[in-house]
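predicted model follows, preceded by the sequence.
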Amino acid sequence: MVQILAGEKGEGKTKRLIAMANEAGKSANGNVVFVDDDNSRMYDLHYSVRFVDTPKFIMEDPQVFRGFLCGILSQNSDIEKIYIDGLNHIVDKISDADFVGFLQELEQISKDAETDLIMIISRKSELLPQDVQKYLV
């Protein structure tokens, strides 16, 4: 399943995502991963949540990010959830139609790997394309 937390900067999306990851980390049977574009939140996470920071990887393209996620999933078959902060570096560089296609690809990856993907987008939910609305939490 793919889920999106959308909203303007400063609305508490990252705090909510961290709380969700921490709760999942405490109760998950498998692994929980938190992907961020900087390491400032690393110490806010429960010790059971695996933290992955992405600054050393150039991910301004949806297909590169898709490959990055597939690489994470290929290394561990019992990842239950992946929380993703900082997705705007990718989303801001593609059209709405390409973004919808990207989400459909992520949905298929999520189903194939039996892993939930929960991500943040810094944009008002009403400004997201209609086809994205079904992913909003």
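Perfect, I can see it now.

I'd like to know how far the nearest residue to Gln133 once chain neighbours are set aside sits from Val64.
Nearest non-adjacent residue to Gln133, counting by C-beta to C-beta, 6 or more residues apart in numbering: Ser125, 7.4 Å away. Bear in mind the C-beta positions are built from the backbone N, C-alpha and C, glycine included. Between Ser125 and Val64 the distance is 26 Å, computed by C-beta to C-beta, to the nearest Å.

same thing with Arg123?
Applying C-beta to C-beta, the value for Arg123 to Val64 is 21 Å.

now do Asn39
Computed as C-beta to C-beta, the Asn39 to Val64 distance reads 20 Å.

tell me the centre residue of the protein?
In the chain, the centroid-proximal residue (C-alpha atoms, centre = their mean) is Ile84; its distance is 2.6 Å.

pull the contacting residues for the residue nearest to Gln133.
The contact partners of Ser125, taken as C-beta atoms under 8 Å, 6 or more residues apart in numbering, are 6-7, 133, 136.
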